[in-house]
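A.B. asks: quick one: sequence plus predicted model below, questions after.
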Amino acid sequence: MPKIWRIGVHSALALIGNRHLICKTIALHGKGVEAVAEAIERHRVYLRESGEFQRRERERIEAELRDMISQEMARRFFQRVDERVLKDLVDRIARRKLDPYSAVAMLLEGTRQSRTG
């Protein structure tokens with residue numbers, strides 16, 4: 001017997017292939033819960049057999065990797081940026097003397113120069 005989930009909805013929606021399956025349930029009474037569990041299992045099998053699970057996993061892994069790279073690059077970037085320069089740029093942007101895109105370009109150019117110079 002599948003585990004009974006305590007949910008407050010009267011129907012559950014599962015996607016089997018390209019077909020939506022509606023399973024009527026009364027969770028408080030445990031009615032229809034087994035059908036929901038079976039639909040979830042069929043959907044899991046479909047995802048694996050169709051390659052969709054693997055495709056989604058690769059997308060998730062790529063997104064996580066990109067996020068980790070972004071965080072590490074930002075950490076390294078801000079280690080190289082003089083806090084006074086950053087505050088000056090913020091002040092200039094706030095006074096509408098400089099736009100944020102130009103400030104970013106200046107910061108990137110400054111870190112490039114400090115590495116090569």
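C.D. replies: Perfect, I can see it now.
A.B. asks: quick check: pLDDT value at the spatially most central residue of the chain.
C.D. replies: Centroid check for the chain by C-alpha atoms, centre = their mean gives Ala63 as the closest residue, at 6.7 Å. Ala63 is assigned a pLDDT of 97 by the prediction.
A.B. asks: quick check: phi and psi at it.
C.D. replies: phi -60, psi -40 (degrees, to the nearest 10).
A.B. asks: and for Lys31?
C.D. replies: According to degrees, to the nearest 10, Lys31 has phi -80, psi 130.
A.B. asks: give me the beta-bridge partners of it?
C.D. replies: Using DSSP bridges, the bridge partners assigned to Lys31 are Ile26.
A.B. asks: that older thread, and the residue nearest to the centre of the chain, how close does it get to Arg75?
C.D. replies: Here the criterion is C-beta to C-beta, to the nearest Å. By it, Ala63 lies 19 Å from Arg75. All C-beta atoms are positioned from the backbone trio N, CA, C, and that covers glycine.
A.B. asks: domains in this structure, by residue range?
C.D. replies: 11-52, 81-117 (automatic domain parsing).
A.B. asks: so which of the ones you listed is the most surrounded?
C.D. replies: Using mean count of other C-beta atoms under 10 Å, the stretch among the domains of the chain with the largest mean neighbour count is domain 11-52, at a mean of 14.
A.B. asks: show me where the protein has strands.
C.D. replies: Using DSSP state E, the strands of the chain run over 11-16, 19-24.
A.B. asks: confidence-wise, which of the ones you listed is weakest overall?
C.D. replies: Across these, strand 11-16 gives the lowest mean pLDDT, at a mean of 46.
A.B. asks: pLDDT-wise, which helix or strand of this structure ranks last?
C.D. replies: Lowest on mean pLDDT, DSSP states H and E among the helices and strands of the chain sits strand 11-16, with a mean of 46.
A.B. asks: low-confidence stretches in the chain?
C.D. replies: 1-20, 111-117 (pLDDT under 70).
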